[in-house]
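In: everything below, folded, please.
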Amino acid sequence: MKNNLYRRMIYLFYHSKADFVSIRWSFLIVFILFQIPVSASELPLQDIKISIQHKNVALGTVFNDIESKTSYSFLVRNNDVNLKQIVSIDAKNKTVREILAMLFAGTDLKYEVENKRITVYRPIKKAQKSDKRKVTGRIIDETGSPVIGASVQNKKSGMGSITDLDGIFSLDISENSTILSISYLGYENKEIQVKEQSDLGIIKLAPSSMALEEVVVVGYGVQKKKV
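Out: Numbers count the residues shown, from 1 in each chain. All right, here's what the predicted structure looks like:
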């Protein structure tokens, strides 16, 4: 098929009229281009096919072999890429992209191609966004006075805080939903369900029924009677 194309081009070149000299020269140029073989090193990365076969060799050795068979060079961007890592590969008539995919399978190594350079790197892990949020509230007693030194504890994490002189507490939590346990001597324990809110507002504690005492007046003195 290719030979037939050549014969037609030669025929048109020699039998074209003089008025079409430019066309004849165009055919000549195209014919010459057809005769020039395309070097594998000039092909784009996705088109180059080579064979790489190694067993228990350093990663850098495989890179060197690919460089010797193509016009591409490797650049290791981060120091955490171990070029001495032992690898094995058996790739026959594969593109460079296919070879790199086989070579990096099961690892977190990535690569980028720019011009004739293949940059290999390990992505920097981004710091995970903290889900912690601050929860605040104010604890008062039955008279509306601030409860100083009340204990506020996250029942899931065990972390806790105490109220200040104004009865205010602040506590960091990371759970989407948790329960805060509030306790103070002489008062009933109180549990607050915390979901998405950050300000719990005013929390009122009730006196403990076990600590209540009824004062009974008798003829010879004062007697305390527990209820």
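
In: and for Lys195, nearest residue in space, chain neighbours not counted?
Out: Nearest non-adjacent residue to Lys195, counting by CB to CB, 6 or more residues apart in numbering: Ser177, 5.0 Å away. From N, CA and C alone the C-beta is placed, and that goes for glycine too.

In: would you confirm that the one you found contacts Gln197?
Out: No. Taking contacts as CB atoms under 8 Å, Ser177 lies outside contact range of Gln197: 10.6 Å.

In: can you pick out the residue with more neighbours from the two?
Out: Between Ser177 and Gln197, Gln197 has the larger neighbour count (other CB atoms under 10 Å), namely 13 against 10.

In: circling back: and the residue nearest to Lys195, what does it touch?
Out: Ser177 makes contacts with Gln193, Val194, Lys195, as judged by CB atoms under 8 Å, 6 or more residues apart in numbering.

In: what about those, which are in strands?
Out: Among the contacts of Ser177, the members falling in strands are Gln193, Val194 (criterion: DSSP state E).

In: now tell me which helix or strand of the protein has the poorest mean pLDDT.
Out: strand 213-218 (a mean of 50; mean pLDDT, DSSP states H and E).

In: now the closest residue to Tyr187 other than its chain neighbours: how far from Gln197?
Out: Leaving aside its sequence neighbours, Tyr187 sits nearest to Leu205 (CB to CB, 6+ apart; 4.2 Å). Separation of Leu205 from Gln197 (CB to CB, to the nearest Å): 19 Å.

In: which of the contacts of Ser177 are buried?
Out: Burial by neighbour count, judged by 16 or more other CB atoms under 10 Å, picks out Val194 from the contacts of Ser177.

In: dump the contacts of Ser177 to TSV, plus pLDDT and distance to Arg133.
Out: TSV is the format used below for these (pLDDT from 0 to 100; distance: CB to CB, whole Å):
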residue	pLDDT	distance to Arg133
Gln193	90	15
Val194	89	10
Lys195	85	11
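
In: name all residues that make contact with the nearest residue to Tyr121 once chain neighbours are set aside.
Out: Excluding its sequence neighbours, the residue lying closest to Tyr121 (CB to CB, 6+ apart) is Arg77, at 4.0 Å. By CB under 8 Å, 6+ apart, the contact set of Arg77 is Thr119, Val120, Tyr121.

In: and which of these is nearest Gln85?
Out: Distance ranking of the contacts of Arg77 against Gln85, using CB to CB, places Val120 first at 11.6 Å.

In: who are the neighbours in contact with Ile52?
Out: Val62, Asp65, Ile66, Lys69, Ile89, Ala91, Lys94, Ile99.

In: beta-bridge partners for it, please?
Out: Listed by DSSP bridges, the beta-bridge partners for Ile52 are Ala91.

In: distance of the residue nearest to Lys195 relative to Thr61?
Out: Applying CB to CB to Ser177 and Thr61 gives a distance of 54 Å.

In: can you list the low-confidence ranges for the chain?
Out: For the chain, the stretches with pLDDT under 70 are 1-46, 78, 126-131, 210-227.

In: which residues in it form strands?
Out: Going by DSSP E, the chain shows strands at 49-58, 73-76, 86-95, 110-114, 117-121, 133-140, 151-154, 160-162, 168-173, 178-183, 190-194, 199-204, 213-218, 221-226.

In: good, we can wrap up now.
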